[in-house]
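Colleague: no FASTA, just this:
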(Lines give C-alpha, C1' and ligand atoms only; values in the text may rest on other atoms or scores of the structure.)
Protein backbone atom coordinates (compact mmCIF):
# COMPACT_ATOMS: atom_id res chain seq x y z
CA UNK A 1 0.00 0.00 0.00
CA UNK A 2 1.40 3.38 -0.98
CA UNK A 3 1.51 6.05 1.77
CA UNK A 4 -1.74 8.03 1.82
CA UNK A 5 0.12 11.26 1.21
CA UNK A 6 1.49 10.02 -2.09
CA UNK A 7 1.52 12.68 -4.74
CA UNK A 8 1.71 11.85 -8.43
CA UNK A 9 4.24 14.08 -10.08
CA UNK A 10 4.06 15.11 -13.66
CA UNK A 11 7.31 15.25 -15.51
CA UNK A 12 8.45 16.03 -19.01
CA UNK A 13 10.71 13.05 -18.64
CA UNK A 14 8.88 9.79 -18.70
CA UNK A 15 9.81 6.39 -19.19
CA UNK A 16 10.21 2.79 -19.96
CA UNK A 17 8.33 0.91 -22.54
CA UNK A 18 6.51 -0.91 -19.81
CA UNK A 19 5.10 0.34 -16.51
CA UNK A 20 6.83 -1.24 -13.60
CA UNK A 21 5.19 -1.84 -10.29
CA UNK A 22 7.81 -4.19 -8.98
CA UNK A 23 8.35 -4.54 -5.26
CA UNK A 24 11.18 -5.91 -3.33
CA UNK A 25 12.27 -5.93 0.13
CA UNK A 26 15.36 -5.18 1.79
CA UNK A 27 17.64 -7.48 3.50
CA UNK A 28 17.44 -6.83 7.21
CA UNK A 29 21.21 -6.52 7.35
CA UNK A 30 23.14 -5.57 4.27
CA UNK A 31 25.97 -7.76 3.04
CA UNK A 32 29.01 -5.54 2.72
CA UNK A 33 31.43 -7.73 0.78
CA UNK A 34 32.59 -6.52 -2.60
CA UNK A 35 32.80 -8.24 -5.97
CA UNK A 36 30.44 -11.04 -4.99
CA UNK A 37 27.82 -12.87 -7.00
CA UNK A 38 24.23 -12.06 -6.06
CA UNK A 39 23.20 -15.66 -6.49
CA UNK A 40 22.04 -17.04 -3.20
CA UNK A 41 20.86 -13.69 -1.79
CA UNK A 42 18.23 -14.00 0.90
CA UNK A 43 16.16 -10.88 0.22
CA UNK A 44 12.42 -11.22 0.72
CA UNK A 45 9.54 -9.32 -0.87
CA UNK A 46 7.86 -6.31 0.70
CA UNK A 47 4.58 -5.50 -0.98
CA UNK A 48 4.04 -1.94 -2.15
CA UNK A 49 7.62 -0.89 -1.52
CA UNK A 50 8.89 -0.92 -5.11
CA UNK A 51 9.48 2.02 -7.39
CA UNK A 52 6.82 3.19 -9.81
CA UNK A 53 7.62 5.14 -12.95
CA UNK A 54 6.02 8.57 -12.93
CA UNK A 55 4.33 7.82 -16.26
CA UNK A 56 4.81 4.41 -17.89
CA UNK A 57 4.84 5.59 -21.47
CA UNK A 58 7.44 6.23 -24.12
CA UNK A 59 7.47 8.83 -26.82
CA UNK A 60 7.09 11.85 -24.51
CA UNK A 61 10.83 12.23 -23.96
CA UNK A 62 14.18 11.23 -25.48
CA UNK A 63 14.82 7.51 -25.78
CA UNK A 64 17.86 5.33 -26.39
CA UNK A 65 18.31 2.16 -28.42
CA UNK A 66 21.19 -0.11 -29.35
CA UNK A 67 21.60 1.26 -32.86
CA UNK A 68 22.27 4.73 -31.46
CA UNK A 69 24.37 3.68 -28.46
CA UNK A 70 26.40 0.97 -30.14
CA UNK A 71 26.81 -2.70 -29.37
CA UNK A 72 24.67 -5.76 -29.94
CA UNK A 73 21.80 -7.61 -28.35
CA UNK A 74 22.49 -9.53 -25.16
CA UNK A 75 20.70 -12.16 -23.11
CA UNK A 76 20.61 -10.61 -19.63
CA UNK A 77 20.52 -14.03 -17.94
CA UNK A 78 23.87 -14.90 -19.52
CA UNK A 79 25.43 -11.52 -18.80
CA UNK A 80 27.52 -10.22 -15.93
CA UNK A 81 26.32 -6.97 -14.38
CA UNK A 82 28.67 -4.73 -12.41
CA UNK A 83 27.26 -2.47 -9.70
CA UNK A 84 29.27 0.43 -8.28
CA UNK A 85 27.98 1.79 -4.97
CA UNK A 86 29.19 5.25 -4.04
CA UNK A 87 29.06 5.43 -0.27
CA UNK A 88 29.80 3.18 2.67
CA UNK A 89 26.74 1.27 3.70
CA UNK A 90 26.19 2.94 7.05
CA UNK A 91 23.41 5.02 5.51
CA UNK A 92 20.00 3.26 5.33
CA UNK A 93 19.45 4.58 1.80
CA UNK A 94 22.63 2.89 0.53
CA UNK A 95 21.93 -0.30 2.47
CA UNK A 96 18.47 -0.49 0.88
CA UNK A 97 19.77 0.39 -2.58
CA UNK A 98 22.47 -2.29 -2.59
CA UNK A 99 20.11 -4.88 -1.12
CA UNK A 100 17.55 -4.19 -3.85
CA UNK A 101 20.12 -4.64 -6.64
CA UNK A 102 21.37 -7.90 -5.13
CA UNK A 103 17.86 -9.24 -4.57
CA UNK A 104 16.75 -8.53 -8.14
CA UNK A 105 19.90 -10.08 -9.59
CA UNK A 106 19.29 -13.21 -7.51
CA UNK A 107 15.64 -13.30 -8.58
CA UNK A 108 16.62 -13.15 -12.25
CA UNK A 109 19.59 -15.51 -11.90
CA UNK A 110 22.01 -12.84 -13.12
CA UNK A 111 25.64 -12.72 -11.96
CA UNK A 112 26.28 -9.46 -10.15
CA UNK A 113 29.69 -8.05 -9.26
CA UNK A 114 29.64 -5.28 -6.67
CA UNK A 115 32.09 -2.67 -5.43
CA UNK A 116 31.78 0.05 -2.81
CA UNK A 117 33.71 3.30 -3.16
CA UNK A 118 33.47 4.11 0.56
CA UNK A 119 32.66 7.75 -0.29
CA UNK A 120 35.95 8.17 -2.19
CA UNK A 121 35.46 9.32 -5.77
CA UNK A 122 38.91 8.22 -6.96
CA UNK A 123 38.13 4.75 -5.62
CA UNK A 124 34.80 4.70 -7.43
CA UNK A 125 36.52 5.39 -10.74
CA UNK A 126 39.01 2.59 -10.15
CA UNK A 127 36.18 0.33 -8.90
CA UNK A 128 34.28 0.69 -12.16
CA UNK A 129 37.42 0.19 -14.23
CA UNK A 130 38.04 -2.98 -12.23
CA UNK A 131 34.47 -4.19 -12.83
CA UNK A 132 35.05 -3.74 -16.56
CA UNK A 133 38.35 -5.62 -16.35
CA UNK A 134 36.59 -8.47 -14.53
CA UNK A 135 34.19 -8.91 -17.42
CA UNK A 136 31.12 -6.83 -16.62
CA UNK A 137 28.89 -6.72 -19.72
CA UNK A 138 26.59 -4.08 -18.23
CA UNK A 139 27.04 -1.44 -15.52
CA UNK A 140 24.77 0.08 -12.91
CA UNK A 141 26.40 3.05 -11.21
CA UNK A 142 25.27 5.05 -8.18
CA UNK A 143 27.58 8.04 -8.71
CA UNK A 144 29.23 9.82 -5.80
CA UNK A 145 29.84 12.95 -7.91
CA UNK A 146 28.34 14.18 -11.14
CA UNK A 147 31.64 15.23 -12.78
CA UNK A 148 34.90 13.43 -13.52
CA UNK A 149 33.59 10.28 -15.18
CA UNK A 150 35.51 10.58 -18.45
CA UNK A 151 37.99 7.69 -17.80
CA UNK A 152 35.13 5.28 -17.08
CA UNK A 153 33.03 6.48 -19.99
CA UNK A 154 35.93 6.02 -22.40
CA UNK A 155 36.62 2.50 -21.14
CA UNK A 156 32.95 1.50 -21.32
CA UNK A 157 32.49 3.05 -24.76
CA UNK A 158 35.46 1.12 -26.16
CA UNK A 159 33.67 -2.12 -25.24
CA UNK A 160 30.12 -0.90 -25.92
CA UNK A 161 29.13 -1.53 -22.32
CA UNK A 162 25.69 -0.08 -21.51
CA UNK A 163 25.60 2.07 -18.37
CA UNK A 164 22.57 2.91 -16.26
CA UNK A 165 23.03 5.48 -13.49
CA UNK A 166 20.75 5.46 -10.46
CA UNK A 167 19.86 8.08 -7.85
CA UNK A 168 22.35 10.69 -9.10
CA UNK A 169 23.10 11.90 -12.60
CA UNK A 170 26.48 12.23 -14.23
CA UNK A 171 27.32 15.23 -16.39
CA UNK A 172 27.59 13.43 -19.69
CA UNK A 173 25.53 12.81 -22.81
CA UNK A 174 22.66 10.33 -22.61
CA UNK A 175 22.61 7.60 -25.28
CA UNK A 176 26.23 8.35 -26.05
CA UNK A 177 28.07 8.09 -22.74
CA UNK A 178 25.35 6.25 -20.80
CA UNK A 179 21.96 4.74 -21.60
CA UNK A 180 19.56 5.97 -18.92
CA UNK A 181 19.30 7.75 -15.60
CA UNK A 182 16.80 6.34 -13.09
CA UNK A 183 15.89 8.50 -10.15
CA UNK A 184 13.60 11.00 -8.51
CA UNK A 185 12.68 14.51 -9.57
CA UNK A 186 14.91 16.19 -7.00
CA UNK A 187 13.66 19.70 -7.72
CA UNK A 188 10.13 18.49 -7.04
CA UNK A 189 11.29 16.86 -3.82
CA UNK A 190 12.61 20.24 -2.70
CA UNK A 191 9.32 21.89 -3.59
CA UNK A 192 7.34 19.33 -1.63
CA UNK A 193 9.64 19.75 1.35
CA UNK A 194 9.05 23.51 1.16
CA UNK A 195 5.29 23.01 1.04
CA UNK A 196 5.46 20.92 4.20
CA UNK A 197 7.72 23.47 5.91
CA UNK A 198 5.30 26.27 5.04
CA UNK A 199 2.44 24.25 6.48
CA UNK A 200 4.38 23.39 9.65
CA UNK A 201 5.55 26.96 10.33
CA UNK A 202 2.53 28.86 9.10
CA UNK A 203 4.74 30.43 6.45
CA UNK A 204 6.54 32.74 8.89
CA UNK A 205 9.87 32.71 10.70
CA UNK A 206 13.46 31.75 9.94
CA UNK A 207 14.61 28.53 8.31
CA UNK A 208 17.98 26.82 8.01
CA UNK A 209 19.05 24.44 5.25
CA UNK A 210 21.34 21.50 5.96
CA UNK A 211 22.79 21.05 2.49
CA UNK A 212 23.80 17.69 1.10
CA UNK A 213 27.27 16.90 -0.21
CA UNK A 214 28.73 19.23 -2.81
CA UNK A 215 29.43 18.12 -6.35
CA UNK A 216 26.26 16.23 -7.25
CA UNK A 217 22.92 17.11 -8.79
CA UNK A 218 20.85 15.92 -5.83
CA UNK A 219 22.06 18.68 -3.51
CA UNK A 220 21.79 21.35 -6.19
CA UNK A 221 18.28 20.41 -7.25
CA UNK A 222 16.82 19.79 -3.78
CA UNK A 223 18.09 23.22 -2.77
CA UNK A 224 16.73 24.86 -5.90
CA UNK A 225 13.25 23.42 -5.48
CA UNK A 226 13.03 24.36 -1.81
CA UNK A 227 14.31 27.92 -2.19
CA UNK A 228 12.15 28.68 -5.22
CA UNK A 229 8.99 27.41 -3.55
CA UNK A 230 9.66 29.33 -0.31
CA UNK A 231 10.24 32.52 -2.29
CA UNK A 232 7.09 31.93 -4.31
CA UNK A 233 4.67 30.93 -1.56
CA UNK A 234 6.06 32.16 1.76
CA UNK A 235 7.97 35.47 1.49
CA UNK A 236 7.74 35.86 5.30
CA UNK A 237 9.65 32.62 5.81
CA UNK A 238 13.29 33.66 5.55
CA UNK A 239 16.16 31.30 4.76
CA UNK A 240 18.88 32.60 7.09
CA UNK A 241 21.38 29.74 7.24
CA UNK A 242 22.89 27.30 4.75
CA UNK A 243 25.67 24.84 5.54
CA UNK A 244 26.58 21.42 4.27
CA UNK A 245 26.04 18.38 6.44
CA UNK A 246 27.44 16.06 3.76
CA UNK A 247 24.37 13.80 3.99
CA UNK A 248 25.79 12.45 7.30
CA UNK A 249 24.10 12.24 10.71
CA UNK A 250 27.17 13.27 12.70
CA UNK A 251 27.79 16.30 10.50
CA UNK A 252 24.11 17.24 10.60
CA UNK A 253 24.26 17.18 14.39
CA UNK A 254 27.40 19.30 14.65
CA UNK A 255 26.11 21.86 12.15
CA UNK A 256 22.81 22.10 14.02
CA UNK A 257 24.64 22.55 17.34
CA UNK A 258 26.39 25.56 15.82
CA UNK A 259 23.13 26.76 14.32
CA UNK A 260 21.41 26.76 17.71
CA UNK A 261 24.18 28.95 19.09
CA UNK A 262 24.21 31.41 16.20
CA UNK A 263 20.45 31.44 15.50
CA UNK A 264 18.73 30.55 18.79
CA UNK A 265 15.34 31.64 17.46
CA UNK A 266 15.41 29.40 14.37
CA UNK A 267 11.90 28.29 13.36
CA UNK A 268 12.60 25.38 11.04
CA UNK A 269 15.31 23.15 9.60
CA UNK A 270 15.20 21.66 6.12
CA UNK A 271 17.57 18.69 5.97
CA UNK A 272 18.27 17.43 2.47
CA UNK A 273 18.33 13.85 3.70
CA UNK A 274 17.02 11.95 6.72
CA UNK A 275 20.42 11.28 8.24
CA UNK A 276 21.18 14.98 8.60
CA UNK A 277 17.67 15.54 9.93
CA UNK A 278 18.18 12.87 12.58
CA UNK A 279 21.45 14.56 13.50
CA UNK A 280 19.50 17.80 13.91
CA UNK A 281 17.07 16.01 16.22
CA UNK A 282 20.00 14.83 18.36
CA UNK A 283 21.31 18.38 18.57
CA UNK A 284 17.93 19.76 19.58
CA UNK A 285 17.55 17.09 22.25
CA UNK A 286 21.01 17.92 23.56
CA UNK A 287 20.04 21.58 23.78
CA UNK A 288 16.96 20.74 25.84
CA UNK A 289 14.47 21.58 23.12
CA UNK A 290 11.00 19.99 23.15
CA UNK A 291 9.61 17.97 20.21
CA UNK A 292 8.18 20.34 17.61
CA UNK A 293 9.84 23.46 19.03
CA UNK A 294 11.86 23.63 15.81
CA UNK A 295 10.09 22.27 12.75
CA UNK A 296 12.12 19.72 10.78
CA UNK A 297 11.43 18.49 7.25
CA UNK A 298 13.66 15.91 5.58
CA UNK A 299 13.95 13.80 2.43
CA UNK A 300 14.44 10.02 2.09
CA UNK A 301 11.89 7.94 3.98
CA UNK A 302 14.04 5.92 6.36
CA UNK A 303 12.32 4.14 9.23
CA UNK A 304 14.12 6.22 11.87
CA UNK A 305 12.97 9.46 10.27
CA UNK A 306 9.37 8.31 9.94
CA UNK A 307 9.50 7.23 13.58
CA UNK A 308 10.70 10.77 14.28
CA UNK A 309 7.37 12.02 12.92
CA UNK A 310 5.49 9.63 15.21
CA UNK A 311 7.55 10.92 18.15
CA UNK A 312 6.87 14.56 17.25
CA UNK A 313 10.44 15.61 16.39
CA UNK A 314 10.04 15.68 12.59
CA UNK A 315 7.12 17.32 10.80
CA UNK A 316 7.47 15.78 7.35
CA UNK A 317 9.51 13.36 5.26
CA UNK A 318 9.46 13.35 1.46
CA UNK A 319 10.27 9.88 0.21
CA UNK A 320 13.20 9.13 -2.07
CA UNK A 321 12.78 5.46 -2.91
CA UNK A 322 16.10 3.54 -2.98
CA UNK A 323 14.74 0.22 -4.28
CA UNK A 324 16.25 0.51 -7.75
CA UNK A 325 16.82 -3.19 -8.41
CA UNK A 326 13.69 -4.12 -10.39
CA UNK A 327 13.64 -0.95 -12.48
CA UNK A 328 17.38 -1.01 -13.21
CA UNK A 329 17.34 -4.64 -14.36
CA UNK A 330 14.15 -4.14 -16.37
CA UNK A 331 15.77 -1.19 -18.14
CA UNK A 332 18.88 -3.22 -18.96
CA UNK A 333 16.80 -6.17 -20.11
CA UNK A 334 14.62 -4.04 -22.37
CA UNK A 335 17.60 -2.20 -23.84
CA UNK A 336 19.73 -5.28 -24.51
CA UNK A 337 16.81 -6.95 -26.29
CA UNK A 338 16.97 -4.13 -28.81
CA UNK A 339 14.01 -2.09 -27.60
CA UNK A 340 13.93 1.60 -26.79
CA UNK A 341 14.25 2.85 -23.22
CA UNK A 342 13.92 6.36 -21.88
CA UNK A 343 17.00 8.42 -21.22
CA UNK A 344 15.40 9.81 -18.05
CA UNK A 345 13.26 7.46 -16.00
CA UNK A 346 11.61 9.47 -13.26
CA UNK A 347 10.07 7.63 -10.33
CA UNK A 348 7.21 8.61 -8.06
CA UNK A 349 7.93 9.42 -4.45
CA UNK A 350 5.47 9.34 -1.58
CA UNK A 351 5.49 11.39 1.61
CA UNK A 352 5.01 10.94 5.34
CA UNK A 353 3.33 13.33 7.76
CA UNK A 354 1.74 12.95 11.16
CA UNK A 355 -1.42 11.79 9.35
CA UNK A 356 0.08 8.57 7.97
CA UNK A 357 3.49 8.02 9.61
CA UNK A 358 2.33 5.52 12.23
CA UNK A 359 0.22 3.51 9.80
CA UNK A 360 2.89 3.43 7.08
CA UNK A 361 5.97 3.00 9.25
CA UNK A 362 6.37 -0.55 7.91
CA UNK A 363 6.87 0.82 4.39
CA UNK A 364 9.88 2.87 5.38
CA UNK A 365 13.34 1.37 4.93
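Modeller: Received, thanks. Note that the structure is a prediction, hence the values are computed from the model and not measured.

Colleague: give me the low-pLDDT residue ranges for this protein?
Modeller: 1-50, 53-60 (pLDDT under 70).

Colleague: domain ranges for it?
Modeller: Following automatic domain parsing, one finds the domains of the chain at 45-183+322-348, 186-319.

Colleague: which one of those lies closest to residue 364?
Modeller: With C-beta to C-beta as the measure, domain 186-319 is the member of the domains of the chain nearest residue 364 (4.2 Å). Backbone N, C-alpha and C define where each C-beta goes, glycine included.

Colleague: endpoints of that closest one, how far apart?
Modeller: Start-to-end span of domain 186-319 (C-alpha to C-alpha, to the nearest Å) is 11 Å.

Colleague: and that domain, how far from the chain's centre?
Modeller: Computed by C-alpha atoms, centre = their mean, to the nearest Å, the chain-centroid distance of domain 186-319 equals 17 Å.

Colleague: let's verify the closest residue to residue 130 other than its chain neighbours: helix, strand, or coil?
Modeller: Once flanking residues are discounted, residue 130 sits nearest to residue 115: 6.7 Å by C-beta to C-beta, 6 or more residues apart in numbering. Using DSSP: H, G, I helix; E, B strand; the rest coil, the structure places residue 115 in strand.

Colleague: where's residue 68, which helix or strand?
Modeller: Element membership for residue 68, per DSSP states H and E: helix 66-69.

Colleague: hang on, the earlier thing: so the residue nearest to residue 130 sits against residue 84, correct?
Modeller: Yes: using C-beta atoms under 8 Å, residue 115 is in contact with residue 84, at 5.4 Å.

Colleague: where do the helices sit along the stretch 201-350 of the chain?
Modeller: 217-233, 249-262, 274-286, 303-310, 325-336 (DSSP state H, counting those that start in this stretch).

Colleague: need the ones you listed in TSV with mean neighbour count and distance to residue 242, can you?
Modeller: Formatted as TSV, the helices of the stretch 201-350 of the chain follow (neighbours: other C-beta atoms under 10 Å; distance: least, C-beta to C-beta, whole Å):
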stretch	mean neighbour count	distance to residue 242
helix 217-233	19	8
helix 249-262	19	10
helix 274-286	24	13
helix 303-310	21	21
helix 325-336	24	33
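
Colleague: a markdown table for these, including distance to residue 94?
Modeller: Below are the helices of the stretch 201-350 of the chain laid out as a markdown table (distance: least, C-beta to C-beta, whole Å):
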| stretch | distance to residue 94 |
| --- | --- |
| helix 217-233 | 13 |
| helix 249-262 | 13 |
| helix 274-286 | 10 |
| helix 303-310 | 14 |
| helix 325-336 | 13 |
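
Colleague: give the contact list for the residue nearest to residue 130.
Modeller: Neighbouring residues of residue 115 by C-beta atoms under 8 Å, 6 or more residues apart in numbering: 34, 35, 82, 83, 84, 85, 124, 127, 128, 130, 131.

Colleague: give me the buried positions along stretch 147-154.
Modeller: 148, 149, 152, 153 (16 or more other C-beta atoms under 10 Å).

Colleague: settle this for me: the third one is touching residue 127, isn't it.
Modeller: No: contact criterion C-beta under 8 Å: residue 152 and residue 127 do not qualify, at 9.3 Å.

Colleague: which residues are common contacts for those two?
Modeller: Joint contacts of residue 152 and residue 127 (C-beta under 8 Å, 6+ apart) do not exist.
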